[in-house]
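*Asks:* model this:
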Amino acid sequence: MNKSIILTGNKGLIGKSLEYQLKKNNYKVIGFDIENNLTEEENVKKIMESNIDSPYLINLFAINDHIEKNNNYYSPLHSPLKDFRNFLEINVTTLYSVCREFINTRDTGSIINFSSIYGLLSPDPNLYNSKSLKKIGYPVSKSAVISLSNYLAVHYAPKFRVNTLAIGGVLNKQPDTFIKKYSEKVPLRRMMDLEELWPAIMFLLDPKNTYMTGSTLTIDGGFTII
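*Replies:* Numbering: from 1, shown residues only. Model prediction:
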């Protein structure tokens, strides 16, 4: 079994932890992040051509407007359009570039893309305030991640399988007020611990998992079902 994985976004919160977990499970991790300038198509081509033996691609890179204590006021109706375009450029166009070059440079493979609960539903404004309102570009782009993954799953089967993880909020030093309000909306009554992502990822990487493609696995403590 070839246990070589291309992991994009390996320097972020989830990426660093995932790289550690994969190495513990004897995977060879080839990591890329912002310093590799994935927005440049030629860089992406070189990355995929130089790692042609890797049958797995996990995409974690994305722009996200995390909850912070001192965000500036945000208005979807008055924010610069360049902010919206930036979400689409990184979270959708660059993801498309990375996925298609992976497919172009090998005969078979498996792709795992990361979306969000906000790719499935709109952010609840009651969770936020005028200084921490979720920017519109994020849910729009994360919805597009699911659509992109499904398109690739249909058009490049049976040689390639493409699945998506739609994840809920990961506990990461958010303000206590946000954690409390968010947890009240979750049937499991809490935010996710980082380690709770790994069973789903290992399930998708299982060599016996050969009949699953075009699926969106939701890991959110039940957030999206109520």
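
*Asks:* Tell me the first helix or strand C-terminal of the longest helix seen in the chain.
*Replies:* For the chain, the longest helix by residue count, based on DSSP state H, is helix 137-155. The first helix or strand that comes after helix 137-155 along the chain, using DSSP states H and E, is strand 160-167.

*Asks:* roughly how far is that next one from the heart of the chain?
*Replies:* If you compare the mean C-alpha spot of strand 160-167 with that of the full chain, they lie 9 Å apart, counting by Cα atoms, centre = their mean, to the nearest Å.

*Asks:* go on, stretch 73-82?
*Replies:* Per Cα atoms, centre = their mean, the centroid offset for stretch 73-82 relative to its chain is 24 Å.

*Asks:* so how far is residue 133 from the spatially most distant residue from the centre of the chain?
*Replies:* Distance from the centre of the chain peaks at residue 78, with 27.3 Å (Cα atoms, centre = their mean). Residue 78 sits 12 Å away from residue 133, going by Cβ to Cβ, to the nearest Å. For the C-beta atoms, the positions are set from N, CA and C on the backbone; glycine is no exception.

*Asks:* swap in residue 139?
*Replies:* Going from residue 139 to residue 133 by Cβ to Cβ gives 12 Å.

*Asks:* cool, and residue 116?
*Replies:* 16 Å.

*Asks:* ok, those two, which is more surrounded?
*Replies:* Neighbours were counted for residue 116 and for residue 133 using other Cβ atoms under 10 Å; residue 116 has more, 26 against 18.

*Asks:* What pLDDT does the model give the residue found closest to residue 167 once you drop the neighbours it is linked to in the chain?
*Replies:* Leaving aside its chain neighbours, residue 167 sits nearest to residue 219 (5.1 Å; criterion: Cβ to Cβ, 6 or more residues apart in numbering). We have a pLDDT of 98 for residue 219.

*Asks:* what's the answer for residue 74, then?
*Replies:* For residue 74, the predicted pLDDT is 86.

*Asks:* Doesn't it belong to a helix?
*Replies:* No: counting by DSSP: H, G, I helix; E, B strand; the rest coil, residue 74 is located in no helix; its state is coil.

*Asks:* ranges for the strands of this protein?
*Replies:* Using DSSP state E, the strands of the chain run over residues 4-8, 28-32, 56-59, 109-116, 160-167, 216-219.

*Asks:* would you turn the ones you listed into JSON lines with distance to residue 182?
*Replies:* Formatted as JSON lines, those follow (distance: least, Cβ to Cβ, whole Å):
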{"stretch": "strand 4-8", "distance to residue 182": "27"}
{"stretch": "strand 28-32", "distance to residue 182": "30"}
{"stretch": "strand 56-59", "distance to residue 182": "25"}
{"stretch": "strand 109-116", "distance to residue 182": "13"}
{"stretch": "strand 160-167", "distance to residue 182": "13"}
{"stretch": "strand 216-219", "distance to residue 182": "15"}
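
*Asks:* if we can go back for a sec, which residues do residue 139 and residue 133 both contact?
*Replies:* residue 123 (Cβ atoms under 8 Å, 6 or more residues apart in numbering).

*Asks:* now stretch 26-46, how far from the chain's geometric center?
*Replies:* Distance of stretch 26-46 from its chain centroid, counting by Cα atoms, centre = their mean, is 15 Å.

*Asks:* For that stretch, the averaged confidence score.
*Replies:* Per-residue pLDDT values over stretch 26-46 give a mean of 96.

*Asks:* Kindly report the same for stretch 101-121.
*Replies:* Averaged across stretch 101-121, pLDDT comes to 98.

*Asks:* where does the chain dip in pLDDT?
*Replies:* 67-71, 130-131 (pLDDT under 70).
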